[in-house]
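S.K.: A structural model of the following input is requested.
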Amino acid sequence: MDINEKLQIVKKEIETILTKNNPYNFTSSIEEYSLVLRSTNDSELKITINQLDKMSDVLCSEISFYRYGKTTGNNVLTKPRKADYPFYIHFYKVVSDFLIKLAKEMNKKGIVVTYSESRLHQNLVELFLESNASLSLAQYPDEILEVVKVKNRNQLLGLQLSNELLEKGHNFLELVPKIKEIIEQEPLLTIDIPKYNHILNLFDDKVCFKFAGQTLVWEIINNEKLAISLIDDNEFELVDVSIQGVNTYLENLKEEIKFHHLLNSPKDNFVRLVGILRNVGQRAEVTTTWNYIIEDEIIKREFTKLEERYHGWEEVEKLSIALLDMYENSGFILKEYTSKQYSFEIEEKKNICEAVTYEFFINNQYIYFVFHKKNFKRYLKVMVSDIQEPNELKLYLYDVLN
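M.R.: Numbering: from 1, shown residues only. Alright, predicted model coming up:
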């Protein structure tokens, strides 16, 4: 019996509930591993079984209750009436009991129930959190909850873990400070997916790192050993979980690919930095609504200039990583420069954004990233100076704006 067939059994029980207490005229159906209760106002109360488990040996699911906005295209949260709370409490209990039973039949060692803040009203979140002791989050320490939350990339609503899985989580948490220390000691080592850059993703999974233009796959074997391989290589090397062990592996790798670096300098972090900085269209500091699409040749040219200034690609990449950290912590100044241009819409001249500059101050130097447009083309220029707003920058902006 597959999951959809099992959901059919739950559907019958839900339908029994609906005949007794049907606050929104729900009709139930099974759709792609989801039990969906759809109401006449197009609201959907849904429980979805995640077939792509974020954690192995764990049954993952998500609860949502929202209406799709036909005019805006955005989700519209459905607020429950207090008079209907008994219905929702009973619904969540039926679903929870089903998940516990299903996890047991599938030999899973845990259950995770999640929700998205854009798909479940806070009133229901609080109601569900208080209504089911068997999946209560209160029975677990905050550190374990953080691991599960990071792994599922969603908000937690319910959790049940076996003693074996809980012990595994505690053992992993003991290793986290050591992993952090290793990464801090290797300035060229960065996690491949910035959006999910929390090292807690290493729990029970493989994570990709970038190093010197190479993509490495890490997997924790135990608290003593780490398996590392190149992403396109099936063979892995067991490395001690220590600063010395990882450093030795990385230095050996750097030596192996030294000739390749002479032909093509690694610039992953610089490219990533430019890719983030160019997206100015949504920032409150500027009036422009567009982003700057910069050609690869321009990015390569600016990187090469920095490479010559700092005597090698390694220093430029280390600098780029540091600037990425500063960007994440708003450690920069963003300015907009405009010029008067004739607007056919209002039949007069108005200020049009022609350029934006990012100013970073690091290692007693000012670093400027200047994005501008000219003749319908986007450009980038990077400047380094010992003084703030040097004449070189002022002259360059004057040329751009006139």
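S.K.: Settle this for me: residue 119 is touching residue 67, isn't it.
M.R.: No. Using Cβ atoms under 8 Å, residue 119 makes no contact with residue 67, being 10.2 Å away. To be clear about C-beta, it is placed using only N, CA and C from the backbone, and glycine gets the same treatment.
S.K.: For the stretch 251-400 of the chain, which segments count as strands?
M.R.: 333-343, 348-362, 365-374, 377-385 (DSSP state E, counting those that start in this stretch).
S.K.: can I get these in CSV with mean neighbour count, mean pLDDT and distance to residue 301?
M.R.: Shown next, in CSV, are the strands of the stretch 251-400 of the chain (neighbours: other Cβ atoms under 10 Å; pLDDT from 0 to 100; distance: least, Cβ to Cβ, whole Å):
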stretch, mean neighbour count, mean pLDDT, distance to residue 301
strand 333-343, 14, 73, 22
strand 348-362, 16, 77, 18
strand 365-374, 18, 92, 13
strand 377-385, 17, 93, 9
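S.K.: and those strands as CSV, adding distance to residue 191?
M.R.: Listed next are the strands of the stretch 251-400 of the chain as CSV, based on distance: least, Cβ to Cβ, whole Å:
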stretch, distance to residue 191
strand 333-343, 26
strand 348-362, 21
strand 365-374, 23
strand 377-385, 25
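S.K.: And for residue 219, the neighbour number?
M.R.: 15 (other Cβ atoms under 10 Å).
S.K.: Work out for me the element it sits within.
M.R.: Using DSSP states H and E, residue 219 maps to strand 214-220.
S.K.: Would you mind listing the buried residues in the longest helix seen in the chain?
M.R.: Assignment by DSSP state H gives helix 163-185 as the longest helix of the chain. Buried residues in helix 163-185, counted by 16 or more other Cβ atoms under 10 Å: 165, 166, 168, 169, 172, 173, 175, 176, 179, 182.
S.K.: that older thread, the strands of the stretch 251-400 of the chain: which one's closest to residue 305?
M.R.: Of all the strands of the stretch 251-400 of the chain, strand 377-385 sits nearest to residue 305, with 6.9 Å by Cβ to Cβ.
S.K.: Tell me the strands beside the closest one, with direction?
M.R.: Take DSSP bridges as the rule and strand 377-385 pairs in its sheet with strand 365-374 (antiparallel).
S.K.: Contacts for the partner strand next, please.
M.R.: The contact list for strand 365-374 (Cβ atoms under 8 Å, 6 or more residues apart in numbering) reads 274, 277-278, 280, 292, 294, 319, 323, 337, 354-361, 378-390, 393, 396-397, 400.
S.K.: hmm, try it at 7 Å
M.R.: 277-278, 280, 292, 354-360, 378-388, 393, 396, 400 (Cβ atoms under 7 Å, 6 or more residues apart in numbering).
S.K.: which ones are touching the closest residue to residue 75 other than its chain neighbours?
M.R.: Nearest residue to residue 75 in three dimensions, chain neighbours excluded: residue 66, at 4.5 Å (Cβ to Cβ, 6 or more residues apart in numbering). Going by Cβ under 7 Å, 6+ apart, residue 66 touches 43, 44, 75, 76, 77, 78, 119.
S.K.: what about 6 Å?
M.R.: 75, 77, 78, 119 (Cβ atoms under 6 Å, 6 or more residues apart in numbering).
S.K.: Start and end of stretch 105-114, how far apart?
M.R.: 21 Å (Cα to Cα, to the nearest Å).
S.K.: for that stretch, what is the average pLDDT?
M.R.: For stretch 105-114, mean pLDDT rounds to 90.
S.K.: Tell me where the model's unsure across the stretch 1-150 of the chain.
M.R.: 1, 17-24, 51-54, 68-73 (pLDDT under 70).
S.K.: which residue ranges form the strands in it?
M.R.: 27-30, 34-38, 43-49, 58-68, 75-77, 110-115.
S.K.: Just put those strands in a markdown table and tack on distance to residue 9.
M.R.: A markdown table is the format used below for the strands of the stretch 1-150 of the chain (distance: least, Cβ to Cβ, whole Å):
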| stretch | distance to residue 9 |
| --- | --- |
| strand 27-30 | 10 |
| strand 34-38 | 10 |
| strand 43-49 | 13 |
| strand 58-68 | 16 |
| strand 75-77 | 29 |
| strand 110-115 | 18 |
